[in-house]
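A.B. asks: sequence and predicted model, in that order:
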Amino acid sequence: MQELLQSPQFQRCSRYGNYVALDPNCLFCKIITGDIPATIVFRNENVVAFNDIDPQAPTHVLIIPTLHVENAAELAKISPTLTAELFSAAAQIAQTNALTGYRTVFNTGQEAGQSVFHAHMHLLGGRGLAWPPG
Ligand code: AMP
Ligand code: ZN
C-alpha cells in the first residue's frame with residue numbers, strides 16, 4: 001500500500017493532506033477534493049464515503065478510493081489492499097448507523113447500471129432488501 005501511495009501519480013491533496021491520484025474531469029474526484037459538495041460520512045487516508053444524492057434506502061452511502069480507477073476490477077488489479085479497505089469502511093459505517101444487515105454492491109459497466117466511472121461501492125441498509133436485486 002505504501003508503495004502504491006508513493007508512485008508518481010499520487011500527490012498530496014492541498015485541502016486534506018492525504019495522498020490522492022485524481023482525474024480533474026471526474027465527479028467523484030471533485031467530491032474527494034471538496035470542489036463538489038457532498039455529505040461526507042467517513043474519510044481516512046485512502047477512502048472517502050458520502051451519502052448518495054438519490055438514496056435507494058434509508059442508508060445509501062458511496063465508498064470510494066482516493067485513486068481514480070474506472071471500476072472495482074481495475075481497483076482490485078492495482079491494489080487488493082485498497083479494495084479491502086472499502087469493505088472495512090463499509091463495516092465501520094454500518095456499525096455507526098447501527099445496521100444489523102446491509103448490502104454492498106459494485107455496478108461494473110453501463111449494462112449493470114454503472115453511471116460514474118470512478119470505482120465505488122454502494123452500501124445500502126436500513127430497510128429489508130429483496131433478492132434477487134432488479
Ligand atoms: P452507479 O450508477 O453505480 O455508477 O452509481 C452512481 C451513484 O452516484 C448513483 O447512485 C447516483 O445517485 C450517485 N451520484 C451521482 N451524483 C452524485 C453526487 N453529486 N453526490 C452523491 N451521489 C451522486
Ligand atoms: Zn475519479
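C.D. replies: That came in fine, so what should we check first? Numbers count the residues shown, from 1 in each chain. Ligands and ions are numbered 1, 2, ... in the order given.

A.B. asks: now the strands for this structure?
C.D. replies: Using DSSP state E, the strands assigned to the chain run over residues 11-12, 19-20, 40-43, 47-51, 59-65, 102-105, 121-125.

A.B. asks: using CSV, lay out those strands together with mean neighbour count, distance to ligand 1 and mean pLDDT.
C.D. replies: For every residue, glycine as well, the C-beta is placed using N, CA and C. Formatted as CSV, those follow (neighbours: other CB atoms under 10 Å; distance: least, CB to the nearest ligand atom, whole Å; pLDDT from 0 to 100):
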stretch, mean neighbour count, distance to ligand 1, mean pLDDT
strand 11-12, 10, 23, 90
strand 19-20, 22, 18, 86
strand 40-43, 16, 10, 97
strand 47-51, 21, 6, 98
strand 59-65, 23, 6, 98
strand 102-105, 16, 8, 98
strand 121-125, 22, 6, 98
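
A.B. asks: distance to residue 96 for the ones you listed - can I get that in CSV?
C.D. replies: Output for those, formatted as CSV (distance: least, CB to CB, whole Å):
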stretch, distance to residue 96
strand 11-12, 27
strand 19-20, 24
strand 40-43, 8
strand 47-51, 10
strand 59-65, 10
strand 102-105, 11
strand 121-125, 11
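
A.B. asks: out of the ones you listed, nearest to residue 31?
C.D. replies: In terms of CB to CB, the element of these nearest to residue 31 is strand 47-51, at 6.1 Å.

A.B. asks: that closest one - contacts with which helices or strands?
C.D. replies: Here strand 47-51 touches helix 27-33, strand 40-43, strand 59-65, helix 80-96, going by 3 or more CB pairs under 8 Å, 6 or more residues apart in numbering; DSSP states H and E.
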